[in-house]
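Visitor: got a structure for you, letters missing:
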């Protein structure tokens, strides 16, 4: 006999032929009503007494059992359908999950509000130093989406994949022995073997679990337990006495950077927002809404920490909607703002709530401690980089020392920074003349400056991230992977929303629900982003559907026909009144997402939020 699984409300115990449950809540023991109150001792579960029990999995308030015949039984809380019984009613005694019969289930697991079952055999037990090998597939043929591999033999591709899987296994089992900080690699001859990982060349070859599992475990071990939200932060969005208020980003940043890092490491809300003069109680929706507003302030120029790429200004080529860290901001106050930006990035990863930020690829590389290359600069400012290359190779065009200045208007060792300033690329550069003979040195100096001009700002952002997440682990991810961790997916998928939806006061087959999904399908992605902002306060979904912590709720309400829909952002809930047709529903929903962006007024909270704030007018 041995303890197999532990949940928040009970412990499951298995032996070869019987199941015993010790549970602190009598409703969750799996015992009949007449025996449900004697739970201070281990109890035999009568409904399962005739079965051999292979495994037990216990979630927060539900239990799943696997028998030797491959059948799955479940009982307990079923509010999210986690029992797999086809309904959401509470189940006191074990019930056979009929949909899994004859599936030859060999593994089960349970989480807070979900259960899983696998037909794959269990992984053999291994001692702690030995990693479990990656169970990834080996193709039987070359997938059509990889035409460049069409000439390769399948045997060679399978062999290469085995090698890459083994490489990932080795890194996963030994990463704790490495120093993942670039400056420590450079100073230690013992760490020279991992330069390919730290410098980024080998990171794309690693399986995702190499960085995902260490990050998840580190976040779990440092999570603040027993709290729903962190310290209260006061925000004033409404102008009074004719005075404009400071940006929300600045208001929150000045309060958060004074807090202790450990107070912000919460699973959902790092702080609770109090809106001065507004009738909103922050149960999550206000926090999400202010995060989205801060992202908008960063990109619309209200807060000058970010600047558009040079391609944005020239309106040429791709990456015109991307942003860089502003290299001209170097004061102590600005460094605090960049530090708070890092805190926001870390909170997005810890809470799995993406930010709607569009940073350039080289910024994500810089923040994940990958050295930048000239090709990264070309992505954001190809015209300037091409002009530098032309200057370096100008002799190929017949230009010589005599006619050099007739062609090149640059007079000294100055260059144009990302934000358009003229800066000296070396100390005293304004007094060093540019000539035909030193042009190559000039080009090298300019490229070195442009590759490192945001280092100070990036260091402040990384300092802020270190408050929330273990940033050495970012040396295992690529810039693209890091962007996805922070920002999720840019497109709102209707199919994902359908997978996480829960209906209240209405069924899936109701005409309102059919019209609703048809309307969402007809929306553009920009309109679906506005819809997400309307119902949740956020404008992005995580890249992994399992990271969505709240179920999307669609509720039918008894209000006047063809009324405007309403939403509760704190609960990710849309409330639909009756409509005379799908076109009318689409019209009203579009009006709501374009025009109803403020949090609904609650008179009770309005009276509370008019209390004098602990901050002075200067803070707002």
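Guide: Okay, I see it. Note that the structure is predicted; figures quoted are calculated from it, not measured.
Visitor: Can you pull the poorly scored residue ranges out of the stretch 151-300 of the chain?
Guide: 182-193, 242 (pLDDT under 70).
Visitor: What segments of it are helices?
Guide: Here the stretch 151-300 of the chain has its helices, by DSSP state H, counting those that start in this stretch, at 154-174, 182-186, 195-198, 209-221, 248-256, 285-299.
Visitor: Show me what the fifth one is packed against.
Guide: Going back to what we said before, that points to helix 248-256. strand 232-235, helix 285-299, helix 332-351 (3 or more C-beta pairs under 8 Å, 6 or more residues apart in numbering; DSSP states H and E). Yep, even glycine has a C-beta here, placed from its N, CA and C like the rest.
Visitor: what about the shortest one, distance to the chain center?
Guide: A distance of 24 Å separates the C-alpha centroid of strand 232-235 from that of its chain, computed with C-alpha atoms, centre = their mean, to the nearest Å.
Visitor: how about it: buried residues?
Guide: 233, 234, 235 (16 or more other C-beta atoms under 10 Å).
Visitor: same check, this time on the last one
Guide: Counting neighbours by 16+ other C-beta under 10 Å, one finds that the buried residues in helix 332-351 are 334-351.
Visitor: by contact count, what packs against it?
Guide: By 3+ C-beta pairs under 8 Å, 6+ apart, helix 332-351 packs against helix 209-221, helix 248-256, helix 285-299, helix 455-466, helix 479-487.
Visitor: cool, the second one as well?
Guide: In terms of contacts (3+ C-beta pairs under 8 Å, 6+ apart), helix 285-299 is packed against helix 248-256, strand 272-275, helix 332-351, helix 525-536.
Visitor: Can you add distance to residue 262 and give the ones you listed back as CSV?
Guide: Shown next, in CSV, are these (distance: least, C-beta to C-beta, whole Å):
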stretch, distance to residue 262
helix 248-256, 13
strand 272-275, 17
helix 332-351, 12
helix 525-536, 28
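Visitor: how about those, which one is nearest residue 560?
Guide: Of all these, it is helix 525-536 that lies closest to residue 560, at 19.8 Å by C-beta to C-beta.
Visitor: Which elements pack onto that closest one?
Guide: So helix 525-536, by 3+ C-beta pairs under 8 Å, 6+ apart, packs with helix 285-299, helix 582-595.
Visitor: how about residue 92, phi and psi?
Guide: phi -80, psi -40 (degrees, to the nearest 10).
Visitor: Go ahead and confirm it touches residue 74.
Guide: No - at 11.7 Å, residue 92 and residue 74 do not qualify as touching, with contact defined as C-beta atoms under 8 Å.
Visitor: the more surrounded of these two?
Guide: With neighbours defined as other C-beta atoms under 10 Å, residue 92 and residue 74 compare such that residue 74 has more, 26 against 16.
Visitor: so the more buried one sits in a strand?
Guide: Yes - assessed by DSSP: H, G, I helix; E, B strand; the rest coil, residue 74 belongs to a strand.
Visitor: Need the per-residue pLDDT for it.
Guide: As predicted, residue 74 sits at a pLDDT of 93.
Visitor: Spit out the contact partners of it.
Guide: 62-65, 82-85, 91, 94-95, 97, 115 (C-beta atoms under 8 Å, 6 or more residues apart in numbering).
Visitor: Now do the helices in the stretch 501-620 of the chain.
Guide: Under DSSP H, counting those that start in this stretch, the stretch 501-620 of the chain gives helices at 511-522, 525-536, 582-595, 603-608.
Visitor: closest to residue 465 out of those?
Guide: That would be helix 525-536 among the helices of the stretch 501-620 of the chain, by C-beta to C-beta, at 24.2 Å.
Visitor: which of the residues in that closest one are buried?
Guide: Buried, per 16+ other C-beta under 10 Å, within helix 525-536: 527, 528, 529, 530, 531, 532, 533, 534, 535, 536.
Visitor: for stretch 164-171, same thing?
Guide: Under 16+ other C-beta under 10 Å, the buried positions of stretch 164-171 are 165, 168, 169, 171.
Visitor: Same question for stretch 583-601.
Guide: Those would be 585, 586, 588, 589, 592, 593, 599, for stretch 583-601 by 16+ other C-beta under 10 Å.
Visitor: Outside of it itself, list whatever touches it.
Guide: 275, 278-280, 285-286, 289, 512, 515-516, 519, 522, 527, 530-531, 533-534, 562-567, 569, 576, 579.
Visitor: ok, of these, which come out buried?
Guide: 275, 278-280, 285-286, 289, 512, 515-516, 519, 527, 530-531, 533-534, 565-567, 569, 576, 579.
Visitor: May I see the helices of the stretch 151-300 of the chain organised as a markdown table, with distance to residue 483 added?
Guide: Below are the helices of the stretch 151-300 of the chain laid out as a markdown table (distance: least, C-beta to C-beta, whole Å):
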| stretch | distance to residue 483 |
| --- | --- |
| helix 154-174 | 21 |
| helix 182-186 | 20 |
| helix 195-198 | 19 |
| helix 209-221 | 13 |
| helix 248-256 | 20 |
| helix 285-299 | 14 |
